[in-house]
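>>> Below is the sequence, then the predicted model.
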Amino acid sequence: MDFDTRLADVEARYERVQVEMASPDVAADRDRMRRLGKDFAELEQIVVPYRQFREARREAEEARSLAREETDPEMASFLRAEAEAADAKIATLRSRLEELLVPRDPNDDKDVIVEIRAAAGGTEAALWGAELVELYRHYAERRGWKTDVLSASPAELGGFKEVVLEVRGKGAYSRLKHESGVHRVQRVPVTESSGRIHTSTATVAVLAAAEEVEVEIKPEDLKIEVYRSSGPGGQSVNTTDSAVRITHKPTGIVVATQEERSQLQNREKAMRYLRARLLSRARDEAAAEEAATRRSQLGTGERAEKIRTYNFPENRVTDHRVKVTVHRLQDVLEGDIDEFVDALLAAERASQLASATDGDPDGRRGRRASEQE
């Protein structure tokens, strides 16, 4: 279905919803009226610019037609300028409409759980994992988001084997979802006496945080254990059993948190992490054929599977998916990653628009309205 046909279909649905809302029967049904009102508002966000787009095309065609017939050179020039102005408006509106037609990820506004694990490279990989944690903390600060460590496993010689970071803020998932994958670092480790460059990796997985209503967890499906925390996060090496480990029996998923001194706080954190893991598992199973599973995002952690390379000797960071390279590595480590994020989101929108099918002609905003019909 081409661009114009898809937009005409959205407009037709908008008009049908408008008529339905005027029905006395619908007015008496509060739930139905609320659903239709939401559909109407969403469809209207496409229909209004679509009608402006259509009017601008009409104006451009009319101005060109009049310019061709005009015998006065000055007036003909004026009409051609009017047509060009309308063309510019058409281009702007078309770009906006293309973006509106792209199906919206329902998780985009959610908080996220970011799992960072040392992969290939031993001690250097653990140190690199710790630097990635700081990168995402800095990025969150830049955007006014809050971060909280849910769990951390320090490595013996520094850095971390694994860190689970919660990031809370509007749009966190939309901006961080493409960070999933293998992050490769190339540099001379502080322990390398010969000055030889080493290549190490850490994996990142980004999970959308789940609300309680999205994931049903039965109390009888949980095995909850408490124990004494130790190491960083439990600097005092608590003398009470404040750390919490929760096992979800049906799936075998295990989460543990010991960062807080209160057992209740650790339990709440562990439950948030568990819900995110279960939601991710459900989404992966539902979309297995799309290769969108968490495992496929991460790969094996091998150096060759990188999504992004951080090269210290060359002061270079390259995102291999969108072929974007910057030569300001320190800025990136301090959270300046918007250039990569914006390029990845643009590529995502372009791909979704190109793959739009007849089964979903109106994308993100016409879907619920069609379900009501």
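Nice, I can see it.

>>> Check which element follows the helix or strand containing T199 along the chain.
Using DSSP states H and E, T199 sits in strand 198-208. Sequence order places strand 222-227 as the next helix or strand after strand 198-208, per DSSP H and E.

>>> quick revisit: for the strand holding T199, which strands pair with it and how are they oriented?
strand 112-118 (antiparallel), strand 181-187 (antiparallel) (DSSP bridges).

>>> Distance from the first one to the middle of the chain?
It stands for strand 112-118. When C-alpha coordinates are averaged (C-alpha atoms, centre = their mean, to the nearest Å), strand 112-118 and its chain have centres 14 Å apart.

>>> do the last one as well
Distance, stretch centre to chain centre, for strand 181-187: 21 Å (C-alpha atoms, centre = their mean).

>>> rewinding a little: go through the strand holding T199 and flag the buried ones.
For strand 198-208, a neighbour-count test (16 or more other C-beta atoms under 10 Å) marks T199, S200, T201, A202, T203, V204, A205, V206, L207, A208 as buried. Any C-beta I mention is one placed from the backbone N, CA and C, and that applies to glycine too.

>>> Tell me the one of the residues you listed nearest E61?
The closest of those to E61 turns out to be A208 (C-beta to C-beta; 45.5 Å).

>>> give the contact list for that closest one.
N107, K110, D111, V112, I113, Y173, K177, A276, L279, S280, R283 (C-beta atoms under 8 Å, 6 or more residues apart in numbering).

>>> Now do the one helix or strand the last one maps to: which elements does it pack against?
Okay, so that is R283. If you go by DSSP H and E, R283 is part of helix 263-286. For helix 263-286, the packing partners by 3 or more C-beta pairs under 8 Å, 6 or more residues apart in numbering; DSSP states H and E come out as strand 112-118, strand 146-154, strand 160-168, strand 198-208, strand 243-248, strand 253-257, helix 294-298.

>>> so which of these gets nearest L264?
Comparison of the helices and strands packed on helix 263-286 against L264 by C-beta to C-beta identifies strand 243-248 as nearest, at 9.0 Å.

>>> quick check: mean pLDDT across the closest one?
Strand 243-248 comes out with an average pLDDT of 90.

>>> Sheet partners, orientation included, of that strand?
In the sheet containing strand 243-248, its partner strands are strand 222-227 (antiparallel), strand 253-257 (antiparallel), by DSSP bridges.

>>> So which of the ones you listed is nearest A155?
In terms of C-beta to C-beta, the element of those nearest to A155 is strand 253-257, at 16.8 Å.

>>> still on that earlier bit, ranking the strands paired with strand 198-208 by burial, who's on top?
Across the strands paired with strand 198-208, averaging neighbours per residue (mean count of other C-beta atoms under 10 Å) puts strand 112-118 on top, at a mean of 25.

>>> Let me see the residues that make contact with that strand.
Strand 112-118 is contacted by residues 125-126, 128-129, 132-133, 136, 150, 155, 159-167, 172-173, 176-177, 179, 202-209, 272-273, 276-277, 301 when judged by C-beta under 8 Å, 6+ apart.

>>> Among these, name the buried ones.
Buried members of those, scored by 16+ other C-beta under 10 Å, are 125-126, 128-129, 132-133, 136, 150, 155, 159-160, 162-167, 172-173, 176-177, 179, 202-209, 272-273, 276-277, 301.

>>> coming back round to it: need the helices and strands packed on helix 263-286 in CSV (columns: distance to M21).
What follows is the helices and strands packed on helix 263-286, written out as CSV (distance: least, C-beta to C-beta, whole Å):
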stretch, distance to M21
strand 112-118, 36
strand 146-154, 40
strand 160-168, 36
strand 198-208, 32
strand 243-248, 44
strand 253-257, 44
helix 294-298, 42
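
>>> Compare those and report which one is nearest to R328.
Nearest to R328, of all these, is strand 198-208, at 20.6 Å by C-beta to C-beta.

>>> mind giving me the domain ranges of this protein?
As assigned by automatic domain parsing, the chain contains the domains 3-101, 107-352.

>>> Tell me which of those domains sits most buried.
Greatest burial across the domains of the chain, using mean count of other C-beta under 10 Å, falls to domain 107-352, with a mean of 17.

>>> now do the same end-to-end measure for it.
Using C-alpha to C-alpha, to the nearest Å, the end-to-end distance of domain 107-352 comes to 16 Å.

>>> Max pairwise distance over the contacts of A208: which two?
Longest span within the contacts of A208, C-beta to C-beta: D111 and R283, 15.6 Å.

>>> low-confidence ranges in the protein?
Low-confidence segments of the chain (pLDDT under 70): 1, 212-214, 230-240, 286-305, 355-373.

>>> So which residue is smack in the middle of it?
Central residue check for the chain by C-alpha atoms, centre = their mean: the C-alpha nearest the mean position is that of S174, 2.7 Å away.

>>> any idea how far E334 is from it?
For S174, the distance to E334 (C-beta to C-beta, to the nearest Å) stands at 21 Å.

>>> And the longest helix along the chain, how far out from the chain middle?
Looking only at the chain and at elements set by DSSP state H, the helix with the highest residue count is helix 30-69. Relative to its parent chain, helix 30-69 has a centroid offset of 29 Å by C-alpha atoms, centre = their mean.
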